[in-house]
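K.L.:
Sequence and predicted model, in that order:
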Amino acid sequence: MGELVIHFDTSEEFQDNLKAVDFDSIVKAVREKLGTKLATESRRPKPGLEDIYRFTGDGLVELMKVPNTKVETIGLVIFAFDPSPALFGSIARSTGIADPSVYLSKKQYRKYFTRTREGYRLSPEGKVWILDDVLPKLKPAVVEKG
């Protein structure tokens, strides 16, 4: 058994120190030592959206239902990562769109996305767009029998 210790005094220092940790190497070393005994749990989709997307073992988003447009696909992937920011590489790999920046920076879509030091997030307007416009197209309303 072991322990991983990250020293910090401020949240910024914690973030910087956390970025410096090579978690992939740590997991690889533990797997080599313990074999298949180490199981990592994937992140779960937001409740009710399990049929829309899921997270893969390497932390990417796999879309079970793909929106009709590339910008909606990008928005849905960023929504899946929320509340964590989505890294540019994760957006590209999860969507299959080679250069998502074309859409992330396009004037007509800029209102939906916020770029931070850590990655991309949906703006409040972007969350409303995904919840009110994109998801309903992917998840038709259940018709109740009268």
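P.N.:
Happy to help now that I have it.
K.L.:
Every contact and neighbour count from this point should use C-alpha atoms.
P.N.:
Fine.
K.L.:
Please save the CA atoms from stretch 91-109 in CSV.
P.N.:
Output of stretch 91-109 as CSV, limited to C-alpha atoms (Å, rounded to 0.1, in the frame of the first residue of the first chain):
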residue,chain,number,x,y,z
ILE,A,91,-13.3,17.6,-27.3
ALA,A,92,-11.6,16.8,-30.6
ARG,A,93,-11.2,13.1,-29.7
SER,A,94,-14.7,12.7,-28.3
THR,A,95,-16.4,14.4,-31.2
GLY,A,96,-14.2,13.2,-34.0
ILE,A,97,-14.0,16.8,-35.2
ALA,A,98,-10.3,17.5,-36.1
ASP,A,99,-10.5,21.3,-35.2
PRO,A,100,-13.3,22.2,-32.9
SER,A,101,-11.8,25.7,-32.5
VAL,A,102,-13.5,26.6,-35.8
TYR,A,103,-16.8,26.3,-34.0
LEU,A,104,-15.7,27.3,-30.5
SER,A,105,-14.5,30.7,-31.7
LYS,A,106,-17.1,31.4,-34.5
LYS,A,107,-18.9,34.6,-33.7
GLN,A,108,-22.4,33.1,-33.9
TYR,A,109,-21.5,30.3,-31.4
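K.L.:
residues in contact with it?
P.N.:
The contact list for stretch 91-109 (Cα atoms under 8 Å, 6 or more residues apart in numbering) reads 60-63, 70-71, 73-74, 77-78, 88, 110, 113.
K.L.:
Buried residues, stretch 105-115. List them.
P.N.:
Within stretch 105-115, the residues that count as buried by 16 or more other Cα atoms under 10 Å are 112-115.
K.L.:
what about burial for the contacts of stretch 91-109, which qualify?
P.N.:
For those, buried by 16+ other Cα under 10 Å: 60-63, 71, 73-74, 77-78, 88, 113.
K.L.:
Can you flag which of these belong to helices?
P.N.:
71, 73-74, 77-78, 88 (DSSP state H).
K.L.:
Okay, helices next: where are they in the chain?
P.N.:
Secondary structure of the chain (DSSP H): helices at 11-20, 23-34, 70-81, 88-95, 101-104, 124-129, 135-138.
K.L.:
mind checking which helix or strand of this structure has the lowest mean pLDDT?
P.N.:
In the chain, the helix or strand scored least confidently by mean pLDDT, DSSP states H and E is helix 23-34, which has a mean of 71.
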